[in-house]
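Engineer: okay, predicted coordinates and the sequence, questions at the end:
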Protein chains: 2
Amino acid sequence: MKKTDVLIIGGGPAGITAAISAKRSYPGKSVMVVRQEKQVMIPCGIPYIFGTLANSEQNLIPDASLTKNQIDIMIAKVEKIDAIKKTVLTSEGEIEWDRLVIATGSVPFTPPIPGKDLPGVFDIRKDADYLKTLKSRIEEARNIVIVGGGFIGVEFADEISKNSGKNVSIVELMPNCLSLSYDAEFCCDAENRLREKGIKIYTSTKVLSFNGGGKVESVKISTGEELAADVVILGIGASSNVSLAAAAGLVLGKSRAIAVDRRMETSVPGIFACGDCTEKVSFFGGKPSGLKLASIATQEARIAGANLFETRREGVGAVGVWSTVVGGMALGTAGLTESAAAALGYKAVATYIEGVNRHPGVMPGGVLTKLKLVFDASSGVLLGGQAVGGESVGDMINVVAALLQKNMRADEIVLFQMGTHPALTSSPIVYHLVNAAEIACQKMLK
Amino acid sequence: MKKTDVLIIGGGPAGITAAISAKRSYPGKSVMVVRQEKQVMIPCGIPYIFGTLANSEQNLIPDASLTKNQIDIMIAKVEKIDAIKKTVLTSEGEIEWDRLVIATGSVPFTPPIPGKDLPGVFDIRKDADYLKTLKSRIEEARNIVIVGGGFIGVEFADEISKNSGKNVSIVELMPNCLSLSYDAEFCCDAENRLREKGIKIYTSTKVLSFNGGGKVESVKISTGEELAADVVILGIGASSNVSLAAAAGLVLGKSRAIAVDRRMETSVPGIFACGDCTEKVSFFGGKPSGLKLASIATQEARIAGANLFETRREGVGAVGVWSTVVGGMALGTAGLTESAAAALGYKAVATYIEGVNRHPGVMPGGVLTKLKLVFDASSGVLLGGQAVGGESVGDMINVVAALLQKNMRADEIVLFQMGTHPALTSSPIVYHLVNAAEIACQKMLK
């Protein structure tokens, strides 16, 4: 039987980060990652296989991230966790562990829509062979229907439309694409970019059935239309992959994900969990959170890895920070939107600033950049931010994330000394973040 | 006699921002800016007039930033402040004020070098006509010598070398260009970029004299060489412009700038000051700080404007956050360098991360990005950061600035949930900031 001090089940971002964190925190301990996949996909990079990247081989996480940290890798399917004997049974034999980290991720959620099992209907799996098949089907296809206008759906649509001659549609149940993470004005910006690229968008629209003889040929939607479809892509979310954990008797939470404490330990001492398989608690108010993001997964992994033999770190809940690119325009969001804040009962004050991210605005590379900040009116504390613009939005939203996680008030953000430069940012006089906070201060004073 | 509730002397970033902040804070009060210049230059944009921009007209701050906020503008030279009568005397008559904000900025520092008054030796003034003359002289020149390798000198060299056929040299007294704001490894990156563009750099080198008959023809330096020079540009810093304030009896501080309290009020109640004319105190340790940056000036202006009739804000000292672009490579710095921290007596721990700002690294636009963080070993608190890479460095360094200003510890930064995206940032597994903090935690644990 193989033996390791620390065993991590799962080789995705959470598993890799937990392994590195474990090794950095406890250099004397042996750490092993057991995973099913020969090669690991970058999950967020999957849409880019279908346009920007040449193939899925370009979208791999190198094993060097583990091996250079003296972490062992075993390629095997885990069949069973024995929490009493402290072993796992795998397709390649048993492994004994002292501490276990479950990072089994998520599985695509498949809606109970008639025809969902027809050939040509694909969900999105982190599996190189499956994605290779999907890629070749898309290349042959003329009509592609994407179900779900969240970030995965939107990114797939954007990437696929980079290959000319495809007829791409998005069908979204909510009134806007991306509406879980952006207020309507930002969603509309994104939808307009997609439409300019020729993508058809059906919002407030339900998929009724997938139809065809032997393979999918059309999608019937609640507008009454029937959309021609050679390929359907389901991008409507994912469920926590808890089968191993549940079978081992670990407690699941309200959202049917693995229950953990703030130290990322499960109901069984010595067994930790992190990433998409784990129940999250919202940073805002503490309800269970359905967010599944690599930024949260890797943060949880850094907590789990550090706490394996000694309590060193505690989590503060899922904030929800992510960015995307749609039609060459970057969007970023952190924390609560104005509508999410209202739904949680906050009396929110929102401010909105737009301006070119250069000064003077004629400097090369200038892009109109919009920033919205949402504050709690009773305390002045920042609740969230959304930005749209050029590539710097990816880091700008992380400034917002940093402020959020320290519960910064508007009157503190006003006093930030921010670096500005003609070729890189807007001017110090109108710097988006500080100016949005300043306006919020005035609104809240009234 | 003209009358205004709030009078601001100076139309640069500090003056404009103080006026806007005053009007936002006290909408019922009349606010007037009195300034000498018909049109106001963007100070940080001045180097870009000599390469990227077509002319100085493209580098103006529009008056709309004032007029759309109902702020009056008067173009006049202020001759005298009368602190007792609460008036100023200008070339266009007297103005009576209730609150005064002095934002008179800085004047170029001219070193006592023989020959400094020869025609062809220019300093850098925020004056459109002067800059127009300098631009036409540079266009005619073949040999240009820049004295001072701080950010102004480096940016001028970079921009001027965009016009082909010029022979550009930088002479710097310190062992490296940019060494007040960057540790040597980052300075060397910048110098290499400049050298690749054909710019000659003389470090640890003193200028002994400017020579020529009737106009400058050469520069004698401490290496013994005599550099041919048709134009010399002095970029060695600026002194606070305090003549009006000193004549009015306002107390000056240890650094000969206008002394202010944390509320930005001067020694005379009702008279405030902000920006380059004002004495700064370092965020780190509290000594007087020589930093002159628009990010500090505008922050001070937001404090001054808000406090005119009621105390609402207090400053926390000058952090020092700025970015630049050298040979197409962006550099950013915030807070203390490792060497500055050591000079102030901190036991500093520095960590250094490099990686492409995309994931996978083959995604378009990927640039090798390096981040160095400096922590205080005794408390774990962040003291500074430096970054070099692509355009996103401009915002990345502002994430560092946000963390700095909240005195964040390494173990808190590790737990940040940062947005990451294949087309915008490095991967969540190796995200520079979090990873640098993680390594610092391990170093400090030992």
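Structural biologist: Now that the structure is in, tell me what you want to look at.
Engineer: can we go C-alpha only for contacts and neighbour counts from here?
Structural biologist: Fine.
Engineer: residues near A:Lys135, how many?
Structural biologist: When counting by other Cα atoms under 10 Å in any protein chain shown, one arrives at 18 neighbours for A:Lys135.
Engineer: can you tell me the closest non-neighbouring residue to it?
Structural biologist: Distances taken as Cα to Cα, 6 or more residues apart in numbering or on different chains put A:Phe50 closest to A:Lys135, at 6.4 Å, once the chain neighbours are dropped.
Engineer: wait, that neighbour sits on A:Leu134?
Structural biologist: No: here A:Phe50 does not reach A:Leu134: they are 9.1 Å apart, not a contact under Cα atoms under 8 Å.
Engineer: out of these two, which sits in the busier spot?
Structural biologist: A count of neighbours by other Cα under 10 Å puts A:Phe50 above the other of A:Phe50 and A:Leu134, at 27 against 20.
Engineer: now do the contacts for that one.
Structural biologist: Counting by Cα atoms under 8 Å, 6 or more residues apart in numbering or on different chains, A:Phe50 touches A:135, A:156, A:159-160.
Engineer: in helices, which of those residues appear?
Structural biologist: Judged by DSSP state H, helices contain the following of the contacts of A:Phe50: A:135, A:156, A:159-160.
Engineer: of the residues you listed - the most surrounded one?
Structural biologist: A:Ile160 leads the ones in helices among the contacts of A:Phe50 on contacts (other Cα under 10 Å) with 25 neighbours.
Engineer: quick one: that one from A:Ser136, how far?
Structural biologist: Distance, A:Ile160 to A:Ser136, by Cα to Cα, to the nearest Å: 12 Å.
Engineer: from the contacts of A:Phe50, which single one is nearest chain B?
Structural biologist: Closest to chain B out of the contacts of A:Phe50 is A:Glu159 (11.8 Å), distances taken as Cα to the nearest Cα.
Engineer: so for the closest one, what's the pLDDT?
Structural biologist: Looking at A:Glu159, its pLDDT is 96.
Engineer: how about A:Leu89?
Structural biologist: Looking at A:Leu89, its pLDDT is 98.
Engineer: which residues touch it?
Structural biologist: Contacts of A:Leu89 by Cα under 8 Å, 6+ apart are A:78-82, A:95.
Engineer: ok, now which ones touch A:Ala348?
Structural biologist: The contact partners of A:Ala348, by Cα under 8 Å, 6+ apart, come to A:338, A:341-342, A:374-377.
Engineer: typo on my end, it should be A:Gln417
Structural biologist: Shown in contact with A:Gln417 (Cα under 8 Å, 6+ apart): B:295-296, B:299, B:319-321, B:401.
Engineer: filter those down to just the ones in strands.
Structural biologist: Residues from the contacts of A:Gln417 lying in strands, with DSSP state E as the criterion: B:Val321.
Engineer: from the contacts of A:Gln417, which single one is nearest B:Leu173?
Structural biologist: In terms of Cα to Cα, no member of the contacts of A:Gln417 lies closer to B:Leu173 than B:Gly320, at 21.6 Å.
Engineer: quick one on the thing from earlier: pick out the most distant pair among the contacts of A:Gln417.
Structural biologist: Pairwise distances across these peak at 13.3 Å for B:Gln299 and B:Ala401 (criterion: Cα to Cα).
Engineer: mutual contacts of the two, please.
Structural biologist: Residues touching both B:Gln299 and B:Ala401 by Cα under 8 Å, 6+ apart: A:416-417.
Engineer: check contacts around the residue in the stretch 201-350 of chain A that chain B sits nearest to.
Structural biologist: Closest approach of the stretch 201-350 of chain A to chain B (Cα to the nearest Cα) occurs at A:Trp322, with a separation of 4.0 Å. Neighbouring residues of A:Trp322 by Cα under 8 Å, 6+ apart: A:293, A:295, A:332-334, A:397, B:418-421.
Engineer: quick check: the farthest pair among those residues?
Structural biologist: The largest separation in the contacts of A:Trp322, counting by Cα to Cα, is between A:Leu293 and A:Ile397 at 15.0 Å.
Engineer: give me the more crowded residue out of those two.
Structural biologist: A:Ile397 (31 against 21).
Engineer: surely the more buried one forms part of a strand?
Structural biologist: No: going by DSSP: H, G, I helix; E, B strand; the rest coil, the assignment for A:Ile397 is helix, not a strand.
Engineer: residue contacts, A:Ile258?
Structural biologist: Going by Cα under 8 Å, 6+ apart, A:Ile258 touches A:242, A:245-246, A:250-252, A:266, A:273, A:277-279.
Engineer: and with 6 Å instead?
Structural biologist: A:252, A:278-279 (Cα atoms under 6 Å, 6 or more residues apart in numbering or on different chains).
Engineer: what does chain A put close to chain B?
Structural biologist: For chain A, the contact set with chain B under Cα under 6 Å from any Cα of the partner chain comprises A:17, A:45, A:59, A:295-296, A:299, A:321-323, A:360, A:392, A:394-396, A:398-399, A:415, A:417-419, A:421-422, A:424, A:428-429.
Engineer: for the nearest residue to A:Val78 once chain neighbours are set aside, list each beta-bridge partner.
Structural biologist: Among residues not flanking A:Val78 along the chain, A:Thr90 sits closest, at 4.2 Å (Cα to Cα, 6+ apart). Beta bridges link A:Thr90 to A:Val78, A:Gly93 when assigned by DSSP bridges.
Engineer: list the buried residues of the strand or helix carrying A:Tyr130.
Structural biologist: According to DSSP states H and E, A:Tyr130 maps onto helix A:128-140. Residues A:128, A:131-132, A:134-135, A:138 are the ones in helix A:128-140 that count as buried (16 or more other Cα atoms under 10 Å in any protein chain shown).
Engineer: burial count for the closest residue to A:Ala128 other than its chain neighbours?
Structural biologist: Nearest residue to A:Ala128, sequence neighbours excluded (Cα to Cα, 6+ apart): A:Ser56, at 6.4 Å. Residue crowding around A:Ser56 was assessed by other Cα under 10 Å; the count is 21.
Engineer: do A:Val434 as well
Structural biologist: Using other Cα under 10 Å, A:Val434 has 24 neighbouring residues.
Engineer: state the distance from it to B:Arg302.
Structural biologist: Distance, A:Val434 to B:Arg302, using Cα to Cα: 10 Å.
Engineer: any chance you could list what contacts stretch A:7-24?
Structural biologist: Counting by Cα under 6 Å, 6+ apart, A:32-35, A:97, A:100-104, A:275, A:297-298, A:301-302, A:305-306, B:429 sit against stretch A:7-24.
Engineer: equivalent analysis for stretch A:169-184, please.
Structural biologist: Identification of contacts with stretch A:169-184 by Cα under 6 Å, 6+ apart yields A:145-150, A:187, A:199-206, A:337.
Engineer: let's see it at 7 Å
Structural biologist: Stretch A:169-184 is contacted by residues A:144-151, A:187, A:191, A:199-206, A:333, A:337-339, A:386 when judged by Cα atoms under 7 Å, 6 or more residues apart in numbering or on different chains.
Engineer: same deal with stretch A:418-428?
Structural biologist: The contact list for stretch A:418-428, computed with Cα under 7 Å, 6+ apart, reads A:356-360, A:363, B:44-45, B:294-295, B:298, B:321-324, B:391, B:394, B:398, B:401.
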